[in-house]
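Visitor: just a sequence and a predicted model for now, questions to come.
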Amino acid sequence: MSWTEFENTHTVGDIIEGVVAGTVPFGSWVEYLGVTGLVYQRQLPVGTTVSVRITNIDQDRQRFSLQEL
């Protein structure tokens with residue numbers, strides 16, 4: 001899925017299911033259909049599937065933030 005497709009089909013509050021792609025000191029990256037968002041301040045096990053809520057979409061920077069459910 002391209003960024004444009006993502007932002008045209010998703011809004012803040014949507015719940016998606018993705019795979020933890022990596023961790024950094026400030027959170028975990030979750031991949032969803034080819035785009036990646038950040039679960040801030042959560043260290044999740046890489047490779048696990050998680051359900052998350054979209055909390056912010058930054059169209060200018062092509063980023064989105066997530067919250068673990």
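Guide: Thanks, I have it.
Visitor: name the helices or strands packed onto the helix or strand containing residue 29?
Guide: Secondary structure assignment for residue 29, by DSSP states H and E: strand 27-32. Helices and strands in packing contact with strand 27-32 are listed as strand 15-24, strand 35-40; criterion 3 or more C-beta pairs under 8 Å, 6 or more residues apart in numbering; DSSP states H and E. Heads up, the C-betas are built off the backbone N, CA and C, glycines and all.
Visitor: go through the longest one and flag the buried ones.
Guide: Of the residues in strand 15-24, those scored as buried under the neighbour-count criterion (16 or more other C-beta atoms under 10 Å) are 16, 18, 20.
Visitor: list the beta-bridge partners for residue 64.
Guide: Bridge pairing for residue 64 (DSSP bridges) gives the partners residue 57.
Visitor: determine the number of other residues adjacent to it.
Guide: Residues within reach of residue 64, counting by other C-beta atoms under 10 Å, total 25.
Visitor: residue 54 in helix, strand or coil?
Guide: What DSSP: H, G, I helix; E, B strand; the rest coil gives for residue 54 is strand.
Visitor: and the residue nearest the centre of this structure?
Guide: In the chain, the residue lying closest to the centroid (C-alpha atoms, centre = their mean) is residue 37, at 2.8 Å.
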